[in-house]
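Chemist: Pasting a predicted model and its sequence here:
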Amino acid sequence: MSKISHLAVIEDGAIIGENVEIGPFCFISAQTTIGDGTTIAQGACIYGKTSIGKNNRIFSHAVLGSIPQDLKFAGEDVELIIGDNNTIREFTLFNPGTKGGGSKTVVGNQNLFMGYVHLGHDVIIGDNCIFANAATLAGHVVIGNHAVVGGMTPIHQFVTIGDFAMIAGASALSQDVPPYCLAEGNRATLRGLNLNGLRRHLERDDINELKSAYRDLFESGKPLKESAQEILENTTNQYVKNLCEFVIETKRGIPFERKNI
């Protein structure tokens, strides 16, 4: 059985799973789907075509699925898709997609969104990420798995952040950050590898391979994409391949300080 406050407003058509808790003064739209075991605290609002998976914890005054903050939006059929086991804290704002961006904002599994985090339209988030208080993602941002974004950090539209990357707090990011790397500053630039994060998940030999690749890519002064292609052709390490492929494929460029040779 679900525990739904009689003070919540739930429109006809909403699909609510088993063992769902919905607190007082919540609003749930007719197009919403809520998976088993999800809890929604008082005052949270779920709008539009929003799908929420299993065992999510949604805290007070979160607003999920309200129309995109995009002047081109004209009422198209768009949606917000949220996976399982996410924690979405107070006063967060997640917008759905837009027609020009694929019509979907997608959030994976087991992510932590601290208070006041904003996800713009057409954002794609992987699994096991952490977004500290007031991190702000513009439209079309793509973030991989196990990424960390510090508090008060805005991320420019169309930026891509790779797996296991970390963006320090109070940074301002306008270019892509490769997997496994750490970026910091306003404007943010690469400061090295995200070693603390990597040590939790990778073997020492893999980290050493990444250290060597990082030096060749960003500290040698050689042309970046040429270096990436050369390393890619001479490595068997999958993590190094991921790093080099990201560098080769980036569209917004990589924010790092070039050294003269």
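Modeler: Here it is on my side, so go on. Numbers count the residues shown, from 1 in each chain.
Chemist: OK, contacts around N56?
Modeler: N56 makes contact with 35, 38-39, 82, 84-88, according to Cβ atoms under 8 Å, 6 or more residues apart in numbering. (Each C-beta comes from the backbone N, C-alpha and C, glycine too.)
Chemist: quick one: which of these is nearest C26?
Modeler: T39 (10.7 Å; Cβ to Cβ).
Chemist: isn't G83 right next to G53, touching?
Modeler: Yes. Under the criterion of Cβ atoms under 8 Å, G83 makes contact with G53 at 4.7 Å.
Chemist: what is in contact with the two at once?
Modeler: Residues touching both G83 and G53 (Cβ under 8 Å, 6+ apart) are N109.
Chemist: what residues are up against T98?
Modeler: 68, 70, 72-73, 76, 78, 121-122, 139.
Chemist: those helices in this protein, which residues are they?
Modeler: 195-201, 204-218, 224-233, 238-249 (DSSP state H).
Chemist: what about burial for the contacts of N56, which qualify?
Modeler: Buried by 16 or more other Cβ atoms under 10 Å: 35, 38-39, 82, 84-86, 88, out of the contacts of N56.
Chemist: Stretch 151-164: how far from the chain's middle?
Modeler: Computed by Cα atoms, centre = their mean, to the nearest Å, the chain-centroid distance of stretch 151-164 equals 8 Å.
Chemist: Kindly report the same for stretch 14-25.
Modeler: Distance, centroid of stretch 14-25 to centroid of chain: 25 Å (Cα atoms, centre = their mean).
Chemist: Just the buried positions in that stretch, please.
Modeler: Applying 16+ other Cβ under 10 Å to stretch 14-25 flags 14, 16-17, 20-23, 25 as buried.
Chemist: Show residues contacting that stretch.
Modeler: Contacts of stretch 14-25 (Cβ under 8 Å, 6+ apart): 1-5, 7-8, 10, 28-44, 54, 60.
Chemist: For that stretch, measure first residue to last.
Modeler: 16 Å (Cα to Cα, to the nearest Å).
Chemist: picking that back up, mind checking which of the contacts of stretch 14-25 are buried?
Modeler: For the contacts of stretch 14-25, buried by 16+ other Cβ under 10 Å: 4, 8, 10, 28-29, 31-35, 37-41, 43-44, 54, 60.
Chemist: re the thing from before, figure out which of the helices of the chain is closest to T105.
Modeler: Of these, nearest to T105 by Cβ to Cβ is helix 238-249, at 22.3 Å.
Chemist: Could you give the bridge partners of the spatially most central residue of the chain?
Modeler: Note on the chain: the residue nearest the mean C-alpha position is I125, at 3.6 Å, using Cα atoms, centre = their mean. The partner list for I125 in beta bridges (DSSP bridges) reads V107, I143.
Chemist: circling back: looking at the helices of the chain, which is buried most?
Modeler: helix 238-249 (a mean of 19; mean count of other Cβ atoms under 10 Å).
Chemist: Run through who's touching it.
Modeler: Counting by Cβ under 8 Å, 6+ apart, 160, 162-163, 176, 178-181, 202, 206, 209-210, 213-214, 217, 224-225, 228-229, 231-232, 235, 254 sit against helix 238-249.
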